[in-house]
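K.L.:
Provided below for reference: sequence and predicted model.
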Amino acid sequence: MLSQLPFDSAHVLVLVGISTVLYLALFLIQYTRYELRIRSLGVRAPVLAQNPLTGLRWFSRAARAQLNHRLLEYFDDLFGQARGAPTGDDCVEVQVMPAGGQRYIITRDPEHVKAVLAGKFAHFGKGKEFHDLWSPFLGDSIFTTDGQLWHDSRSMIRPMFVKDRVSDLVVFERWSDALEGVVGFGEEKYGSGGGYGDGVVDIQSLFYRMTLDITTDFLLGAAVDSLSNPRDEFAEAFNEVQRLQMYLTIMGPFKGVVPRGRYNAGIRAIDRFVMPYIEAALALPAAELEKRTSASSSDFTFLHSVARHTRHPKVLRDQIVAVLLAGRDTTAATLSWAFYELSRYPAKVARLRAEILDSVGPAPAAPTYDNLKNMPYLRHVLNETLRLYPAVPYNLRVALEDTTMPSREGQGPPIAVLKNDAVVYSTLSMQRCRNLYPRSKDGAHFADPAVFEPERWENWTPKPWTYVPFNGGPRICVGQNFALTEMAYVVVRLLQKYDKIEYVGDWNAQFHEPEIVGKPGQGVKVRLYEAAKAA
Ligand code: HEM
């Protein structure tokens, strides 16, 4: 049979040989052109992997670190490999395929963060891959888009966060009051994760529920009321989709192995909750919509305001879910870390409470916007919490064109970044990096950067771009003032009533759980002690 074929085995061997040589030649040309392209721009940061085998090793370590909540150690270990490199100690590269495969440049260098977020803003973006990976959840929203689409979203959303809107504290009052109502109740009433009886609550679980209620109230004009219904379908789906979204992102080129059933079901549950509100807003006559969005309207909501700009349900849905994601976990996690840290230091709680009573007075006096902005120690507590626990600990941008990032202290050739390279930056790793902090000298004390010390902010301002919990540049968090006002409000309300926070969790078992937002992995179990009422 074989003998009837036009080729004998010698021919086959020759063909295989020629194909191999051609393939190698093509690869070599591609490789050389790729390396020349890099060299024309600058140099590489230390390369930890440049083929699928070593690349897979770093990705599987990242996936394991994520599952075991050891992502910070993983990042610090990566940077350990760069020590002494001419490009700086805080940047490395991982490439899955040589000569043009996806390159990840991983950094915690403030100059890189500055270049990516501000100096070379137009050269970097979320990119197509990020958009496609996140779009089932966040669609074409402010979070997933670049260029004109992002710009349009930002213009649509920004008016909702101007001072006049944020200084309307009604929503914060409604839900911090509801929070006070559940703190201290038993688990029979509020289900697992809320109360444990004996006055013990997982304050983190309550903060997550409260911020979901605040954000849905602010966005839709109707809260989930998850403080009363912790098992709400939407709340559970929202948590699960975020967890899986982070996992898909971490898996990078290997994301295809992650099953998507629960992810897709979660997104359907989110839509079941959000869409009826959107349909109701779109059904309003134009005059009614206008009335609700006037400055004086008490029915004002984010949804009604955005509905004046677009009649497209999907556009509305995407922006609502994106702001919900941005606004909910970030503030809940920050409040949780603040209470976790404060519970170690009764003297700091006493100092904070004294400032609050001095400024606002005891309950029921409610804080005004001006009160909230004029309590320095409260501001230092929140700043310090966001320094040690920036809510978005890891982030990513993609190069939209060939560009560069500066080398060590701007000396030496820059680091080449090619179009489609991903730059992963960790504010968590950066803000804890000891090199960025002043040393204690001449008797001037600067507390160990690893320790929670709000007092350090009294005589210290971080160097530019070394402290960026809200990011920086044109894409700086649009909700920054909303978040700081909300968190300050809640702290004030709780500390007006309680004067002691006792941590009843296991200190040693606590860990940083990096979902999209980094939260205390063990929850924050505390007992809050009501202050004696003044006679
Ligand atoms: C402690 C609280 C918060 C922190 C630390 C925080 C941090 C951040 C960070 C780091 C980003 C940049 C994300 C990126 O571009 O990849 C961001 C963006 C954003 N944040 Fe916040 N955020 C907080 C609270 C809020 C709140 C309460 C809202 C709204 C209610 C909000 C709305 C947004 C929006 C809409 C964006 C997208 C901005 C854009 O891409 O132009 N954030 N935030």
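P.N.:
Arrived safely, thanks for sending. Numbering: from 1, shown residues only.
K.L.:
Now for the residue in the stretch 151-300 of the chain positioned nearest to the ligand, how many residues are close by?
P.N.:
Nearest residue of the stretch 151-300 of the chain to the ligand (Cβ to the nearest ligand atom) works out as residue 154 at 4.8 Å. All C-beta spots, glycine's among them, are computed from the backbone N, C-alpha and C. A count of neighbours around residue 154, defined by other Cβ atoms under 10 Å, yields 14.
K.L.:
what's the spacing between it and residue 479?
P.N.:
Distance from residue 154 to residue 479, counting by Cβ to Cβ, to the nearest Å: 12 Å.
K.L.:
ditto for residue 276
P.N.:
Distance from residue 276 to residue 479, by Cβ to Cβ: 25 Å.
K.L.:
swap in residue 141?
P.N.:
Taking Cβ to Cβ as the measure, residue 141 and residue 479 are separated by 14 Å.
K.L.:
Kindly report the same for residue 400.
P.N.:
Distance, residue 400 to residue 479, using Cβ to Cβ: 25 Å.
K.L.:
before we move on, what about residue 220?
P.N.:
Distance from residue 220 to residue 479, by Cβ to Cβ: 16 Å.
K.L.:
try residue 303
P.N.:
For residue 303, the distance to residue 479 - Cβ to Cβ - is 16 Å.
K.L.:
same thing with residue 149?
P.N.:
19 Å.
K.L.:
These two: who's more crowded?
P.N.:
Remark: of residue 149 and residue 479, residue 479 carries more neighbours, 21 against 14, as counted by other Cβ under 10 Å.
K.L.:
list the contacts for the more buried one?
P.N.:
161, 323, 326-327 (Cβ atoms under 8 Å, 6 or more residues apart in numbering).
K.L.:
Return the residues of the stretch 201-350 of the chain in contact with the ligand.
P.N.:
323, 326-327, 330-331, 334 (Cβ under 6 Å from any ligand atom).
K.L.:
what helix or strand does the residue of the stretch 301-450 of the chain found nearest the ligand sit in?
P.N.:
Proximity of the stretch 301-450 of the chain to the ligand (Cβ to the nearest ligand atom) peaks at residue 327, 2.8 Å away. Secondary structure from DSSP states H and E places residue 327 in helix 313-342.
K.L.:
how about that helix: buried residues?
P.N.:
For helix 313-342, the neighbour count (16 or more other Cβ atoms under 10 Å) marks 315-342 as buried.
K.L.:
tell me, what residue is most central in the protein?
P.N.:
For the chain, the residue sitting closest to the mean C-alpha position, by Cα atoms, centre = their mean, is residue 392 at 2.6 Å.
K.L.:
and that residue, helix, strand or coil?
P.N.:
Of the three states, residue 392 takes coil according to DSSP: H, G, I helix; E, B strand; the rest coil.
K.L.:
Residue 483 is in contact with the residue of the stretch 301-450 of the chain closest to the ligand, correct?
P.N.:
Yes. With contacts counted by Cβ atoms under 8 Å, residue 327 reaches residue 483, the gap being 7.1 Å.
K.L.:
Give me every residue in this protein lying close to the ligand.
P.N.:
Counting by Cβ under 6 Å from any ligand atom, the residues of the chain near the ligand are 142-143, 154, 157, 323, 326-327, 330-331, 334, 386, 391-392, 395, 469-471, 475, 477-479, 482-483.
K.L.:
All the helices of the stretch 401-535 of the chain, in order from the start?
P.N.:
Assigned by DSSP state H, counting those that start in this stretch, the stretch 401-535 of the chain shows helices spanning 427-431, 480-497.
K.L.:
Can you tell me which of those helices is most buried?
P.N.:
Mean neighbour count (mean count of other Cβ atoms under 10 Å) peaks for helix 427-431 among the helices of the stretch 401-535 of the chain, with a mean of 24.
K.L.:
Closest residue of this structure to the ligand?
P.N.:
Counting by Cβ to the nearest ligand atom, the chain gets nearest the ligand through residue 479, at 2.2 Å.
K.L.:
Could you list the low-confidence segments of the stretch 301-450 of the chain?
P.N.:
410, 441-444 (pLDDT under 70).
K.L.:
And the nearest residue to residue 229 once chain neighbours are set aside, how far from residue 351?
P.N.:
Spatial nearest neighbour of residue 229, excluding adjacent residues (Cβ to Cβ, 6 or more residues apart in numbering): residue 235 at 7.8 Å. Taking Cβ to Cβ as the measure, residue 235 and residue 351 are separated by 35 Å.
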